[in-house]
Structures are given as structure tokens and as C-alpha cells.
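Student: Provided below are the primary sequence and the corresponding predicted coordinates.
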Amino acid sequence: MVRNYLKIAIRNLLRHRFISFINLFGLTAGLTCCLLITTYILNELSYDKYNANADNIYRVTRTFNNQNGVVSLKLSTVSPPFGYYFPTDFPEIKKMTRLLDNGPIPARYKEKIINEDGMFFADENLFDVFSINVLKGNPKTALTDPFSIMLTEETAKKYFGDEDPINKVIRFNSQFDCKVTGIYKAFPSNAHMHPGMLMSFNTLKDSTVYGEEQLRTNWGNNSFFTYILLPPHFNPENLEKRFPAFLDKRMAGQYDSGKPSKFTKIELQKLTDIHLRSHTDYEAEANGDIKRVYIFSAIALFILLIACINYMNLSTARSALRAREIGIRKVIGARKKELVLQFLSESILVCFAATLAALFFTWLALPWLNKISGQELLIQTLLSPQIIIPLAITPFVIGTMSGLYPALFMSAFQPIKTLKGLFKVGGGSISFRKVLVVTQFSISIILIITTFIVFQQLHFMQSKSLGLDKDQVISTAYSGEVPKNYDAFRTELLQNSSFKDMSRSSRIPSGRLLDNQGASTMDGDSLVPVKTDIKYVSTDQDFASTYGIPLKAGRYFSRDFGSDTASFVLNETAVKMLNWKSPQDAIGKVFKYGNQNGRIIGVLQDFHFESMHQAIVPMVMVMTPPSQPYYNSISIKIKGGNTAQAIAVFERTWKKFFPETPADYQFVDDNYKKLYESEQRQASIFSAFACIAIIIACLGLFGLSAFAISQRVKEIGVRKVLGADVSGIVGLLSKDFLKLVAIAAVIAFPVAWYAMHSWLKDFAYRVNIQWWVFIVAGLLAAFIAFTTVSFQAIKAAMANPVKSLRTE
Amino acid sequence: MIKITDLEKIYRTEEVETVALNKLSIEVKEGEFVAIMGPSGCGKSTLLNILGLLDDPDAGSFIFNGIEVAKFNERKRADLRKRNIGFVFQSFNLIDELTVFENVELPLIYTGVKSADRKKRVEEVLDKVQIMHRRNHYPQQLSGGQQQRVAVARAVVNNPKLILADEPTGNLDSSNGNEVMQMLTDLNEQGTTVIMVTHSEHDSRYSHRIIRMLDGQAIMENIMV
């Protein structure tokens, strides 16, 4: 019996090749999208789970409150004394291990100098906590001695080529010689950080590097990623509730105005939550977002739903053609159950073929998805038992889901009517099919609107005036040997006409503003702390001119004034928050920031230092005295014209002054672009899947219109005999479908508005949702629907009426 | 074999009520060959559908082989039908996607006959209707006469007690028509009861008895001698 079903199913598929192709194509495209998104989602959910102890590892995070008790900063890193005291104060902690990102540092092996960007200091017990494979060296001791380093295979290759790296020496910053003691397998791509080089934490104990005392007492340097390993099934809240007492005991005296636990908070973050649920102000690498996982899951389900609806529509549309066969089978003795089984086996067969094809296309399309998503997704993700088993039953589930309605619908045909050619599909089923089309088009319109607004927001963020000139500015690190010769380097470079200006600063625009100290202003005769957080950037005299930031009042730091280290420059927002009447009003006011007393000498027009996700915050520019400079970066403004030539001059001059430091540079405008990379990728993926969803929906409409028009052949014939022209008939036939699109639009508009309203909330600066976007999306959907339907309608309207009337 | 008494069938739409069968009473004995004739709309096809258990009457009694079947549900009707009744239609009604062999085999599949037996029986009937050489062809590849021969083969493959033929020669030329009528006659002579609806006086002469209908009632019976 089943053989007979399959035989007739295959012959039917081959006989109606076009419809079969559309059907298979729709399902395959839908399933492929689903599988691609599933691969992406599974990868997102797999972060850090490679660790054997994943469920018991927690990262220590620190939150800072301002004077008002409002959270002003949350970091995924803490200061070193936490790691120092934790094991003794909390004996439940099985292991504590720390990582410290060193930032870029020049590293030399023989003649090779590389600006090493992935160097982390790591506690010697790192491998007891994280499941990282050590390929060479002893994992227990490789990070014990000061100045010993471990490398990934890739890093080792970079320095030593094919030589054996063990016991080789790399010199850092022209200062420290470090011995390679081990090679480890790079952290997997689904790890939340990827150190390329690990230096023993004990190196930090050396007073020329950091100092043991600092590790015990410096509560202010919150740069240490600190992880703890808890016993299995231990509730981390049991520790967390004891943290305030710990803070008050160990940090006593750190805050002038009260208990430390009032101003800072320590929390535990599960390792496996870091990638999707951690949104602190400082992360090891850019994380994912659980919201994005939800959005993409919804898209996958939407696409699958559209594909299934599509299948139902096309199958029931085709049922008119098979009515006679069903009639014959019934007359010969087929029961309803047997017919339902027959049609189900057909749809399961189609789904089975579609699933196989989808796996193949997923494999083909993964490199494309990797390119636009910036991920390293592997088809193997889909071959794990928890996926392969559901995947194997997918054809049965989707086949039944999308085949059951057509099967029940068709098996209920009255045999006499079908055999006498009196068969007409009843009104009820048409309504159901209309509901399906409305659903498909609602989803399509939602996707069109959301894609449109996502791109609008992206364009807005990238084109909105920043209030500073980011173009043609390159930045490079200010470290190592650079400070010594900076002035001479600057003088020589600026003599070249390719360069306009050059400055130093602690942070550069496009970065985050995380540095914060207490500020005070005069109230009557005394200085009173202000309740507003004011972030600071340490700059030299040339910062505002290098970035072309206009002054609202006063002046910027200048070499013409000797006492500028006791001067402050604010941004407009800071002036407003301090309740001063105008930028002009601020000039000359007494101001204390940290321990430095001075006066406001200038106010800069507001500018976007950070991305558009963040609102412009109050800022103060300070100039540290030359004896204690606090700069991390150099910014160089190139004059318009020949950038390549300017870069060549820069590299040449750099090499002359700083032979031990590679001339690594970045364009600041590229950095700004990177701020929106994640949204850009999301938008690309979103629009690609939206297009596919719309194409599949159109196929469904194509099927439905073919069906509906075939039911009206006689009417069309009569109308033509009575004098109707082609355009009149096309209009008549299309009208019904356009009505469905209109209903779909009414359903889609509020849903899309709500979805986008929620999405835009994440941006401090965002586009307004404009009404015309909805109208355009509706018209676009109507146009797509009209084109699809009119293809069939024109064919029907052009047909010879004599023919259609005779067949009736 | 068949006894219907006061059978009624009324088709209703919202505004119109059409009486297709009006208290019709007919009896057909086993082994008979009965032709039913009458103008279009007189109720002959409705009668054939009810006799074939494809449709149910609104009122009256229908006794088939001694069993009252007028109130049978769809499942019971389907069961009775597939074991006892073969159909031959004017438009052949073969399944285009199946070969000649597979079309004839289908009723055996639905009655659960084993594969080896099926093959034997299908070959037998194909041989009988002289279409064996076309067993692997699809219906579209056959002439009308050949298609109807396949349809007859399909109707008899289950050895039904009753064959219902709805204008079996309506789509055929006279020579093919005669061939089909001869086949039905042969089957009848071998003991199968045949009830045939026809417009053709020529075909009706093959039967033992002609029942003439008008407006849902039998108005005359001619015994053919």
C-alpha cells in the first residue's frame, strides 16, 4: 500500500513539475533558512560550554554607584585585591584565577618586532579552571615563574616560524625578557575571550612591572578578569550576600563618605551567561545578545511558518486537479483514512526531499552566513545528536503539519461530484486559505518594515554629525619608548605639509568613557561635591584642534599659558548638569576634579565621543602635568590629498624615532564604523532572510491565485463574451488579493511598530518611526502581490473564452 | 439481489428543491442485466449512485443482498462497495498517474489482496479484455476503446456481484462501443448482475429488461426477449 502511495506521489511530483518545483523550492528555502539560523543560534548558546567546569565557574563583576546611589559604571573586571582576599575570606571557593589584558605591547624576537595585541597576564592555575589544551610544557608549572610566557600555536608561528618555541626568549617593550614555557591550543571560537599569549601572573609581582604590594592594596585598578570555581550545585547567592560585609571589612577607608558597600557592589556572573547576558561597560570582547537570539529564532519560525502555509496553499490548490483521482479511489473502495494516509505520505516525501536539499544548501550557504555574521559557524553543529534526531523527524512533523489540512480537505471530496466534473471547492476552505495568505503577508510586511527601520537607524547613526571631525585622523599607541621622544617626533612630522595636527589623550573618540573621579564646585565659600558623574579624558593642548571640536566659550589648553595643568575644559552637557546658565557663565568658575583644584577655562561644543548607543555624558578635559602624563594614544590629523603618501611619511618618521615599536595605526573613522558592526551585520542577515520570506510568500500567493482563477474560468469566459477587456478582468481578479494584502497590512502595522519601538529603545540617538515607512511597505507588498497575481490573471484573461465555456 | 422501496432523494439549494427520486421502487434479481433509460434529469444517475452506495437516500428502503443498507455510514458503504460492486463510467475514470496494470490492481490493494495473488488476478482479467500487451502503458497512451476495456477490467478484477455502468459507450465510437457491450454481456452470462444507465436504445437491447424513468419515477418496464 505504502509503495503504491509513494509511487503515485513520485509520479505526481514529476507530472506537475512546475508546481512541485515551487513547492519543493519553498519548503527547501524555508528549511535552509531555519537550519542556518539554528546553526547561528546553537553557536551563540554554546559559548564557554566547552569548559568541563562551565556550570561552576563564575566571573566577579563590580558595579559603582554615584553619590545618589545610582549605578554609574559596571565592569566585568575588578581590582587585584579581590582575587587576593577571596580564597581566604570565602573558603567555599575551590579555585580563583585571574587574567589581565595588557593591551598592545611591542614584542621582539631577533629582528622581528610585533605590536602584540593579545597578551594577558594569567594566574598559574588557569588551566585548573578553564579546559584549555596545553600542547607543550607542563600546565601545572608553565606559568609559575615570573617572566615566563605561553603562546598559542598561531602566535608561536608568528614569532618563530617552524622553530621549536620552547625556551626561546621574547623581549617586551625593550625592557623585559620572557621565556616561552609552553604552547596551548587557542581558546575555541565560542569562548568569550581569546588570549594569544599568556604571561605568568607572578611577573606582576616584580616591582618594575607592577609590584606585589599593588596587587594587595590597589582597589582602584579595576582591570582584572577574576574567575572563581565553586563546588558543584553551590548556590552563588550564598556568597553574594556576604560580599557587602567583605567590602566593608577589606575596603575600609577607601571611601571618605561612608561604607564601601554603599558605593560599590560585587556580583557573580555565571561563565555561560557572559556571551549573551553580560552587558557591562567593559568586556573582554564584544558579546552577543540574548535578544538577538530571540529575534532570529522568531525569524526562523516565521520563515518556516510561511513555507508550511505555502505548502498547504499549493497542495490544496492542486487538489482541484486531483479531485477525479480521489473520486475514483473512493469508488474503488478507498476509505477516508487511506486517502489521508496517501496524501500525508506525499507531503512527508516532499518534506523529506526538502530536508535533504536544505541540509545541502545550508552547507553551501554557511560560508556566506559566516561572512555577513562574522562568525565561524560549522555544519558539524547540526550533526550533534540533539539536532540530528529532531532533524530526522522534521519531515514527519512538517509533512504532517503542512499536509494534514490538504489531506483532510481532499479526502472529504464527494466522489460522485468529482467524477461528474461538478467539483467546486467550497467557500469555507477558501476563507481558510485566505487566512493563510493574510498571515503570510502580515509576516512579510512586518519584515519589510523592520528591515527598513533597522537600515534607517543604521544610516542615521553613521551619518549624524558627531560634532567632531573624525575623517583622516589616525591613532596609534602612546607607550613604551614613545613618550621619551614624542615632542621631537611631533615637531618633525608636523613640518611635513601632509599633516595638520597631532595630539595625545588618555582615550580617543570612538572609545568608551569609563574614567570618573569626584568633582566639586563652589557653593558659597566652600567646595561642595557635585552629584553628577563627570567622565574625564586627559588630553594635551592639541586635542580639540586635532579633532576640530569647536569651542562654545573660553579657550582650550594652550602652550601660551604655563598653569594649564590646573585648568579644566568641560563639554556643554557638563555645564548644563552643573546648572550653570551658559558656557560663558562657566568660564572662570572654581572647580575641583579628583585631587586637582583649578578653574574652568573653556567649554567645548557637545560631541559624540562614544557611539550613538550612549547619550552624550558630562565630560571634563584635564591636562596632567608633564611630570605625570596620563596618555594612551596619539591622534594625527592628515591634511586632505594624498593619504597614502602621508602614511608613508608617518611610518618612516615613526621608525626613525621609535625603532623598537611597530608603527601600528588605525583610522578613527574606521573605529566609529566598527561601533555599528554588530547592527550592520544584524541588518544584513535580517534583510537577507526577509527577502527569502517574501519570495516564499509570493510563491504561496502564486499558487492561490492560480487556484482561485482556475475556479473562475467560466465566469471569465462569460464576461469576455459579454465584452469585458483584459485589463478589466485582471483588475477584477487582482482586487480580491489586494484586499487580503490590505488586511495583512492592518495586522502588520501595529506589530511592526511595537517591535521597532522596543528595538530602538536601545539607542540613545534614534530615528523617529515615520508613517510613510508603513505606507511604502504596504504598497511594496501590494505591488509584489499584484505582480504575482497578474501573471496568472493576464493568462486567464487572454485565454479564448470559447474554450473555457466549452469545458464547462 | 436488490430491492428498493419508496426511495426518495431530494437535492436542496437555498431556494430550489429538486426531487431526483420520487418514491421509486425497483427490484433487480441476481444475474439480471437491467438498462435504465430516460431523459436528462429524470434521476437515473442518482439512482445508480445510490445503488452503487456512493450516495445515500433521504427516505425509503434499500436492501442489498438481503441487508438493509439505506442507513449505512460512509465506512460501511465503502466496505460493502469494494467487495461487491464494480463501476464502469462514460469517461473511463482511470488514474492518469498509474499504468494499466496498476489501475486494475488498485481495487485489490484496497481489499488487501496479497501481492502475488494480485499479479495473477490482474493478468487474468487483462488477458480477458485483451489488453495484456498494453499493461505498462499509461491511460493517455491508449485509445478510448482500450481505456474502457481497462475500466471494465478494473471493475471486474474483484469478482463483484454487481456491475454498475454509467453510459459505458457514451464516449466511444460504435465498433468500440459494441465491444464493450459484448464484454458486459459476457460478464452477465457468467453470473454477474449488470445495471446500466444509457441513452442508447442500441445498447439497451443487450439487456434483459429496460426500466424507463421520468421525474424520479419508473414509468415503464420493457422485458427484452
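Tutor: Arrived safely.
Student: Tell me which residue lies nearest the centroid of the chain.
Tutor: This is for chain A. Nearest to the geometric centre of chain A sits residue A:678, at 3.8 Å (CA atoms, centre = their mean).
Student: um, chain B though
Tutor: With distances taken as CA atoms, centre = their mean, the residue of chain B nearest its centroid is residue B:164 (1.6 Å).
Student: Could you pull out the helices in chain B for me?
Tutor: Applying DSSP state H to chain B gives helices spanning B:44-51, B:74-84, B:100-110, B:115-128, B:144-156, B:174-189, B:201-204.
Student: Of those, which is nearest chain A?
Tutor: Of all these, helix B:74-84 sits nearest to chain A, with 2.5 Å by CB to the nearest CB. C-betas here are computed from N, CA, C, even on glycine.
Student: distance between the ends of stretch B:209-220?
Tutor: With CA to CA, to the nearest Å as the measure, stretch B:209-220 spans 10 Å from end to end.
Student: Now do the buried residues in it.
Tutor: Buried residues in stretch B:209-220, counting neighbours by 16 or more other CB atoms under 10 Å in any protein chain shown, are found at B:209, B:210, B:211, B:212, B:213, B:216, B:217, B:218.
Student: try stretch A:685-696
Tutor: For stretch A:685-696, using 16+ other CB under 10 Å, the buried residues are A:685, A:686, A:687, A:688, A:689, A:690, A:692, A:693, A:694, A:696.
Student: before we move on, what about stretch A:712-732?
Tutor: A:712, A:713, A:715, A:716, A:717, A:719, A:720, A:724, A:729, A:730, A:731, A:732.
Student: quick one: average confidence on that stretch?
Tutor: For stretch A:712-732, the mean pLDDT works out to 80.
Student: before we move on, what about stretch A:68-80?
Tutor: Average pLDDT, stretch A:68-80: 89.
Student: Next, the buried residues of that stretch.
Tutor: A:72, A:73, A:74, A:75, A:76, A:77, A:78, A:79, A:80.
Student: Would you point out the most distant pair within the buried residues of stretch B:209-220?
Tutor: B:209 and B:216 (19.3 Å; CB to CB).
Student: Low-confidence regions, the stretch 201-350 of chain A specifically.
Tutor: A:320 (pLDDT under 70).
Student: What of the stretch 451-600 of chain A?
Tutor: Those would be none, if you go by pLDDT under 70 across the stretch 451-600 of chain A.
Student: Strands of that one, residue ranges please.
Tutor: Using DSSP state E, counting those that start in this stretch, the strands of the stretch 451-600 of chain A run over A:473-477, A:499-505, A:519-523, A:526-529, A:535-538, A:551-554, A:567-571, A:590-593, A:596-604.
Student: just checking, the residue nearest to the centre of chain B touches residue B:198?
Tutor: No. Between residue B:164 and residue B:198 there is no contact, the gap being 11.9 Å when judged by CB atoms under 8 Å.
Student: Return the residues in contact with residue A:550.
Tutor: Shown in contact with residue A:550 (CB atoms under 8 Å, 6 or more residues apart in numbering or on different chains): A:467, A:604, A:605.
Student: For the first one, which non-adjacent residue is spatially closest?
Tutor: Put plainly, it is residue A:467. Leaving out its chain neighbours, the residue that sits closest to residue A:467 by CB to CB, 6 or more residues apart in numbering or on different chains is residue A:607, at 3.2 Å.
Student: ok, now the last one?
Tutor: Spatially, and ignoring its direct neighbours in sequence, residue A:605 is nearest to residue A:550 (4.6 Å; CB to CB, 6+ apart).
Student: how about that neighbour, phi and psi?
Tutor: With angles defined as degrees, to the nearest 10, residue A:550 sits at phi -70, psi 150.
Student: out of everything not next to it in sequence, what's closest to the residue in chain A positioned nearest to chain B?
Tutor: As assessed by CB to the nearest CB, chain B sits closest to residue A:333 within chain A, at 2.5 Å. Nearest residue to residue A:333, sequence neighbours excluded (CB to CB, 6+ apart): residue B:82, at 2.5 Å.
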